Structures are given as C-alpha cells and as structure tokens.
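Colleague: let me see the structure of the following:
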Amino acid sequence: MKLTTKGRYAVLALTELALVKDETLVKITEISTRQNISSTYLEQLLLLLKNAGLVIGVRGPNGGYKLAAPAENIMISDIVNVVEGRLEARGCVAKSGSCTGVSGRCMTHDLWDELSRHIELFLGQISLKDIIRGNVLGRSSPPRMLEVK
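Modeller: Sure thing, here's the model as predicted:
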C-alpha cells in the first residue's frame, strides 16, 4: 500500500482551490506553477475529480476550476478514493476465499484489514478546511511565515 503522486497531487490541487476566498476560478497553470506539478498530469486528476463531483470546471479563456462544495465538506478520503481507489494495507485477497493461496485466511489478515479501516477513518475525519487551517487532528500547526527584515 502506498499513496502515489496521484493522491498527493490531487489533495494539493484541491487545497489550492480551497485557499480561494470567493467563487474565483483557478487556472490549471496557476496550480501547476505553485505546486510544481505537470499541468497535463494535473488536468487528468482534475477531470477525475470533476467527474466525481468534487470540483467544477469551466472551459474557455476565463475558465478554470473551483470546489463544488465548501472546503469543510470535502474530506481527504473523498479525494484519495477518487484518484487512488480505496487504500488497502493488506496484500491478501479475501475475495478468493484464501489469503495464502491454499485455504483460509492468513494469520495477519485481521491486522492489515484493521489498518486499512484506520487509514480510511483518519482520512475521513480531515477536511480541506482542516488542511488550510493546519488542523490535522491537533497534530499540526499552520506553517510559520518567515519574517522579512
């Protein structure tokens, strides 16, 4: 199980959209430049997120993207599940009825299954608003701005 660049970049992109105070549309090139993400790759991710109803995309010279709902209503799990699918910590496949390839479940099946549930619960409790406020379950604080003298 590994969160790929798809998941990380999608969360970064939507965090950028969450920073916009009004209904302003944000161009892909703006996000791409600020986050150092390929605009082509970003366009593919935003299309997936648009199809899932998390963002609104407007075409044309004055077009761009904005969140489809308030930042506090978009959970990180929603974003990650769209672009990555459900994150699974276990390597075994319960659908076949056997984790070991022989018969039954492996001895560690419940451990990895529970870890997957914890990941989903954790990401399901953090909204984009929490990210921009630096409030990730009280474990983080907003980044400190450097003082210019």
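Colleague: strands of the protein, start to end?
Modeller: Counting by DSSP state E, the chain has strands at residues 55-58, 64-67.
Colleague: dump the C-alpha coordinates for the longest helix seen in the chain into CSV.
Modeller: If you go by DSSP state H, the chain has its longest helix at helix 109-124. This file holds the C-alpha atoms of helix 109-124, laid out as CSV (Å, rounded to 0.1, in the frame of the first residue of the first chain):
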residue,chain,number,x,y,z
HIS,A,109,-5.3,-10.8,7.7
ASP,A,110,-7.2,-9.0,10.5
LEU,A,111,-4.2,-6.9,11.4
TRP,A,112,-3.9,-5.5,7.9
ASP,A,113,-7.7,-5.2,7.4
GLU,A,114,-7.9,-3.1,10.6
LEU,A,115,-5.1,-0.9,9.5
SER,A,116,-7.0,-0.2,6.2
ARG,A,117,-10.0,0.8,8.3
HIS,A,118,-7.9,3.1,10.4
ILE,A,119,-6.5,4.8,7.3
GLU,A,120,-10.0,5.3,5.9
LEU,A,121,-11.2,6.7,9.3
PHE,A,122,-8.2,9.0,9.6
LEU,A,123,-8.6,10.5,6.1
GLY,A,124,-12.3,10.6,6.5
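Colleague: please tell me how far residue 58 sits from residue 27.
Modeller: Relative to residue 27, residue 58 is positioned 10 Å away (Cβ to Cβ, to the nearest Å). Yep, even glycine has a C-beta here, placed from its N, CA and C like the rest.
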